[in-house]
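I need the structure of the sequence given here:
(chains A, B, C and D)
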4 protein chains.
Amino acid sequence: MHDDAIVRTTIQELVIANRALAAENVIDDFGHVSARHPLRPDRFLLSRSRSPMLVSADDIMEFELDGTPVDQNGRRVYAERFIHAAIFAARPEVNCVTHHHARSVLPFTVTDTVLRPMFHMASVIGHAVPVWESQDEFGDTNMLVDTLPMGESLARALGDGTCALLRGHGAVCAASTIAGACLVSVYLKENAEMVLNALPLGAPRYLTAGEVDKAAAMLLSPMPLERAWTYRKAKAGFHGL
Amino acid sequence: MHDDAIVRTTIQELVIANRALAAENVIDDFGHVSARHPLRPDRFLLSRSRSPMLVSADDIMEFELDGTPVDQNGRRVYAERFIHAAIFAARPEVNCVTHHHARSVLPFTVTDTVLRPMFHMASVIGHAVPVWESQDEFGDTNMLVDTLPMGESLARALGDGTCALLRGHGAVCAASTIAGACLVSVYLKENAEMVLNALPLGAPRYLTAGEVDKAAAMLLSPMPLERAWTYRKAKAGFHGL
Amino acid sequence: MHDDAIVRTTIQELVIANRALAAENVIDDFGHVSARHPLRPDRFLLSRSRSPMLVSADDIMEFELDGTPVDQNGRRVYAERFIHAAIFAARPEVNCVTHHHARSVLPFTVTDTVLRPMFHMASVIGHAVPVWESQDEFGDTNMLVDTLPMGESLARALGDGTCALLRGHGAVCAASTIAGACLVSVYLKENAEMVLNALPLGAPRYLTAGEVDKAAAMLLSPMPLERAWTYRKAKAGFHGL
Amino acid sequence: MHDDAIVRTTIQELVIANRALAAENVIDDFGHVSARHPLRPDRFLLSRSRSPMLVSADDIMEFELDGTPVDQNGRRVYAERFIHAAIFAARPEVNCVTHHHARSVLPFTVTDTVLRPMFHMASVIGHAVPVWESQDEFGDTNMLVDTLPMGESLARALGDGTCALLRGHGAVCAASTIAGACLVSVYLKENAEMVLNALPLGAPRYLTAGEVDKAAAMLLSPMPLERAWTYRKAKAGFHGL
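The predicted structure follows:
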């Protein structure tokens, strides 16, 4: 493929990811999805400031890994682009980051119940999802991750995992592919709902450590990822792609 | 803009607000949304009596701040227009009022759990949402706020806040802009659902007072409001506006 | 109106009621809605055996008040037509009956919590909804109300109320108008969901007896009924009617 | 009917079943539905590897009762086809098998609450739904039933019932007709949701053993099955069929 075609393909997939996560009710008026630039790993692609459901290819901008827009041209940018910047900087193998306020994860950010995978599809969230507390380093804020130091602090909480929760705010998800980050985002949400429903019946038996590792390795392999991605593209209205 | 255009624009936004809150399941067969008249602050605009999902520009009527229709022309009016009248009279800075029966807020009107913001998007509901008890001044009623004294009593419960709950009935929301009142309405509902889901896990940690103030100031500023409003207009089918 | 037009109008409203309750998720693959014949009070109108979502005017048949089809013509009839027959026979003022399995009411049929109205819109269900236990008179059955004696037993449980629950089965709703029976059906379902959501917060304060009576009288009066019915017709796709 | 027409009809029904269970949110990106070959009971029909919502007649392949594809032609096959193979081999009277991850059943796979029918429509799930624990014979796995011995172990847990749960994974449903397996699948999901909602009110009274047997025999008879199947086909967009 020509370089132009490579970039166009990534942008197209990124647009689909924005709309697919909106169609799955992971993302709503706020939240965003980014992809590392396919040719320049020191840059990432992210929409200008608008709701993911409405993002088109023309909205996608380039950013450096400190959150600086490469060619702003007067466009408004997301205040929280530093989430993406800091994770792409800290994690060379990550190529897609999502940030969202999926309702079902919020209870796990403000209580002491640790979110763990209760069924195999959620193995992709890892053994236990960490919670980032903005108060620890930054005290009372407007709750946005709107500086690079805040993004870097959040990236440390994420560590080498696929997702982390933000207290009283939402979640970030990260993976080496766009399809993978979307799968993590969807099943993080689904698993949280499921655990909330199970708790009245008593403490659930979560997947064992071995099951988490084996199931996650299987689900993040090409064939399951492609099946899920084809499905989500169709649900978001991108049938032919 | 000519005066006519100013009024037409407000009416159009008000129609969209009616339909957007229906699309968000905040409002259903009953409930209503009003806006202060943009040129005559002693009047407000409100649909004739019909479900918000079905409201068109032709349905919008003018009312005085005691609930009297300016030019009724035989049209049926909402029995509860006094909610809007009393709030607009008491709060000169308020330009939009919503009244609805969003299901998730009802439990907080009939139990002792105080509704507080559990995530940053809900900071716009304020520190703790007051509950108005119609029994206190009016005893057994048909539960409608269908007189000016009842509207005034409710407005006192609202105080200088952005929302209040009505015991066994629903909620009112108020803000200085139509987009703001819709944001408060949506996130009041979302936050209530979230708290209901979190309570089985133990008492949630709500936002701190400082976080509520800072996040609300940020969210009710032009850029976030515009992002949310553009999204809600699109969801309600008003793409080009 | 000519007699033919009167009957056609009732049949059209009955078809809309079938589809409106399907659109509200009150009714699904099973369940049914009937209307008393507008000219012959000793007969009622009910679809042949098919899911309410799919009912058209051509499906509507006439039945006598013992459940006998007037002109069967080889058409399959609902096994549970006796629910309608017995209620129309026992309650001359009732002109519409619905039977459904709305999910949210089922918990109140198999536990000791009595379903009561928690918000004003649900005042139309009455002070406390009775539960009919088929075991009491009929022992182990296939749970269908498929004989006239079973229908009559259920009608006694309903008494002079607007609704009753069937243990391990669902509900019946009855009112003097089609719009009224639909309003009762929708708010029976909504109120049950709301109480289920409120219970984890502690025992809810239900409407007082005086509030129930006053709010129900208001809601079942022409103006609110028409607003709700116009809304439900529109939601079910019958905009012009 | 000619043999070709018989097979085409089964394939068409199978495609509809795939899409109908997707429309009912029983099945999503993963999960599958199979049918025994109508002319060769030693074979079954199952889609190539793709999400059920997207399955068309061209995707349907033939498999032997050990999971071997008859004519693979380079097509990707479901890793879990052994679920279907083993159940068709063990149960000559079963002609349709579904496998899915309906969210509401998961809590019953990881806690000690046994899933039982709480309303008559769910009598088709049987008296108590068994749970298959993959750890017992296979230890830590990737949680897929991707070998014939695993499929056979699961088939033993199913026994002569209509459904079984898989710990931390989902469910299988089986019946003598496609319409019947879909009915079991839908009401397994609905009943699980209902029990989850009822438990906070106290232990529910489930159907008696006699009620389960009588109601299930009635519901799995031709007339109710046809009503439900016609409804589900319409909901999935197959109106004329």
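
hey, let's count contacts and neighbours off CA atoms from now on
Will do.

Mind telling me what element the residue nearest in space to the middle of chain A is part of?
Centroid-nearest residue in chain A, with CA atoms, centre = their mean: A:Thr98, separated by 2.3 Å. Per DSSP states H and E: A:Thr98 is located in strand A:96-100.

Tell me how many other residues crowd the spatially closest residue to A:Ala209 that is not a sequence neighbour.
Leaving aside its sequence neighbours, A:Ala209 sits nearest to A:His127 (CA to CA, 6 or more residues apart in numbering or on different chains; 6.7 Å). Burial of A:His127 is recorded as 21 neighbouring residues (other CA atoms under 10 Å in any protein chain shown).

Can you give me the distance of A:His127 to A:Pro92?
The spacing between A:His127 and A:Pro92, counted by CA to CA, to the nearest Å, is 22 Å.

Please apply the same query to A:Ser123.
Taking CA to CA, one finds A:Ser123 at 22 Å from A:Pro92.

Please say which of the two ends up with more neighbours.
Counting neighbours by other CA under 10 Å for A:Ser123 and for A:Pro92 shows that A:Ser123 has the greater number, 32 against 12.

The more buried one in helix, strand or coil?
With DSSP: H, G, I helix; E, B strand; the rest coil as the basis, A:Ser123 sits in helix.

Now stretch A:221-229: buried residues?
A:Pro224, A:Leu225, A:Glu226, A:Arg227, A:Ala228, A:Trp229 (16 or more other CA atoms under 10 Å in any protein chain shown).

so of those residues, which ones are in helices?
Among these, DSSP state H puts A:Pro224, A:Leu225, A:Glu226, A:Arg227, A:Ala228, A:Trp229 in helices.

helix/strand/coil for the closest residue to chain C within chain A?
In chain A, the residue that lies nearest chain C is A:Pro200 (10.3 Å; CA to the nearest CA). With three-state DSSP as the basis, A:Pro200 sits in helix.

Touching, A:Cys182 and A:Ala23? I think so.
No - if you go by CA atoms under 8 Å, A:Cys182 and A:Ala23 don't touch, sitting 11.6 Å apart.

Could you check which of these two is surrounded by more residues?
Neighbours per residue (other CA under 10 Å) separate A:Cys182 from A:Ala23, with A:Cys182 holding more: 28 against 18.

Now do the contacts for that one.
A:Cys182 makes contact with A:Ala17, A:Leu21, A:Thr98, according to CA atoms under 8 Å, 6 or more residues apart in numbering or on different chains.

before we move on, back to that, kindly indicate which of the buried residues of stretch A:221-229 lies nearest C:Gly210.
Looking at these and their distance to C:Gly210, the nearest is A:Ala228, at 55.2 Å (CA to CA).

Now the closest one: closest residue in space that isn't a chain neighbour?
Counting by CA to CA, 6+ apart, the nearest residue to A:Ala228 once its immediate chain neighbours are dropped is D:Asp29, at 5.3 Å.

Test my guess that that neighbour contacts D:Leu54.
No - contact status for D:Asp29 versus D:Leu54: not in contact, 9.5 Å apart, counting by CA under 8 Å.

Residues that sit against both of the two, list them.
A:Tyr231.

So for the two, which residue has more residues nearby?
Neighbour count, other CA under 10 Å: between D:Asp29 and D:Leu54, D:Asp29 has more, with 22 against 18.

In contact with the more buried one: list those residues for me.
By CA under 8 Å, 6+ apart, the contact set of D:Asp29 is A:Arg227, A:Ala228, A:Tyr231, A:Arg232, D:Ser51, D:Pro52, D:Met53.

Doesn't it belong to a helix?
No - secondary structure assignment (three-state DSSP) places D:Asp29 in coil, not in a helix.

how about it, phi and psi?
phi -70, psi -30 (degrees, to the nearest 10).

Local confidence estimate at it?
Note on D:Asp29: pLDDT of 96.

For it, give its distance to A:Leu225.
10 Å.

Model confidence score at A:Leu241, please.
Note on A:Leu241: pLDDT of 54.

can you list the residues of chain A near chain D?
Proximity of chain A to chain D (CA under 8 Å from any CA of the partner chain) is limited to residues A:118-121, A:190, A:194-195, A:197-198, A:200-208, A:210-216, A:218, A:227-228, A:231-232.

Would you mind giving me the ChimeraX syntax to select the buried ones in those residues?
Buried members of those, defined by 16+ other CA under 10 Å, are picked up in ChimeraX with:
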select /A:118,119,120,121,190,194,195,197,198,200,201,204,205,206,207,208,211,212,213,214,215,216,218,227,228,231,232
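
about what we covered before: can you tell me how far the residue nearest to A:Ala209 is from A:Ala216?
Relative to A:Ala216, and taking CA to CA, A:His127 is found at 10 Å.

same thing with A:Arg8?
Counting by CA to CA, the separation of A:Arg8 from A:Ala216 is 29 Å.

number of nearby residues for A:Gly159?
By other CA under 10 Å, the residues close to A:Gly159 number 15.

Same question for A:Gln72.
A:Gln72 has 13 neighbouring residues, counting by other CA under 10 Å.

how about low-confidence regions in chain A?
The model of chain A has pLDDT under 70 over residues A:239-241.
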